[in-house]
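**Q** got a predicted structure here, sequence first:
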Amino acid sequence: MITIERVAWDDPRGVALRATMDEEMHERYGSANAAEDPAVTAERDRVLTVDPADVITSVLAIDEHGTPLGHIAVRRLGDEVELKRLIVLSAARGKGAATALLAEGEQVAREQGAARVILQTGDKQPEAVALYRKTGWEQIPVYAPYAETMPWSFCFAKALSSSS
């Protein structure tokens, strides 16, 4: 059984899950762009940094023992509501945590009055792309701020109904 809990961005459980995500992303992407201009690398790092002031809430998926299994953040990006930093621990994948986190993120966006919610993922995350497609997300063009430094991204949007 998975429960969902809205927490602050600086909740230590969310911080730990995001650190795990950073390690996984480093393993996947590593030094793939080692030969690029350091200014481009610095700009990409800036773009990927989440400003806590923009975060509406973080959401945790918790198992029946109180162990955090996954995390997603909901933030404002200009006039949009964007989901960021979705991670489910490898041992918990395939058990519904990611789907539950996405659903709660969508609910938060709905509560914010958003007509749609957006997200960005990388080209070396096929599991994420498959999840988004399976759960009704539609691929959209790569949007700012990712278009300049990560044109290989996959971006998605999901229209929100007010009654869901």
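**A** Received the coordinates, thanks. Residues are numbered from 1 along each chain as shown.
**Q** pLDDT below threshold where in this structure?
**A** Along the chain, the parts satisfying pLDDT under 70 run over 31-34, 162-164.
**Q** check whether A144 sits in a helix, strand or coil.
**A** Classification of A144 by DSSP: H, G, I helix; E, B strand; the rest coil places it in coil.
**Q** quick check: which element contains V15?
**A** helix 12-29 (DSSP states H and E).
**Q** put the alpha carbons of that helix into PDB.
**A** C-alpha atoms of helix 12-29 as PDB (Å, rounded to 0.1, in the frame of the first residue of the first chain):
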ATOM      1  CA  PRO A  12      14.800  15.500   4.500                       C
ATOM      2  CA  ARG A  13      13.200  12.500   2.900                       C
ATOM      3  CA  GLY A  14      12.700  14.400  -0.300                       C
ATOM      4  CA  VAL A  15      16.200  15.800  -0.100                       C
ATOM      5  CA  ALA A  16      17.500  12.200   0.200                       C
ATOM      6  CA  LEU A  17      15.400  10.900  -2.700                       C
ATOM      7  CA  ARG A  18      16.600  13.800  -4.900                       C
ATOM      8  CA  ALA A  19      20.200  13.000  -4.000                       C
ATOM      9  CA  THR A  20      19.600   9.400  -5.100                       C
ATOM     10  CA  MET A  21      18.100  10.700  -8.300                       C
ATOM     11  CA  ASP A  22      21.200  12.900  -8.900                       C
ATOM     12  CA  GLU A  23      23.400   9.800  -8.500                       C
ATOM     13  CA  GLU A  24      21.300   7.800 -11.000                       C
ATOM     14  CA  MET A  25      21.300  10.600 -13.500                       C
ATOM     15  CA  HIS A  26      25.100  11.000 -13.200                       C
ATOM     16  CA  GLU A  27      25.400   7.300 -14.000                       C
ATOM     17  CA  ARG A  28      23.100   7.600 -17.000                       C
ATOM     18  CA  TYR A  29      24.400  10.800 -18.500                       C
END
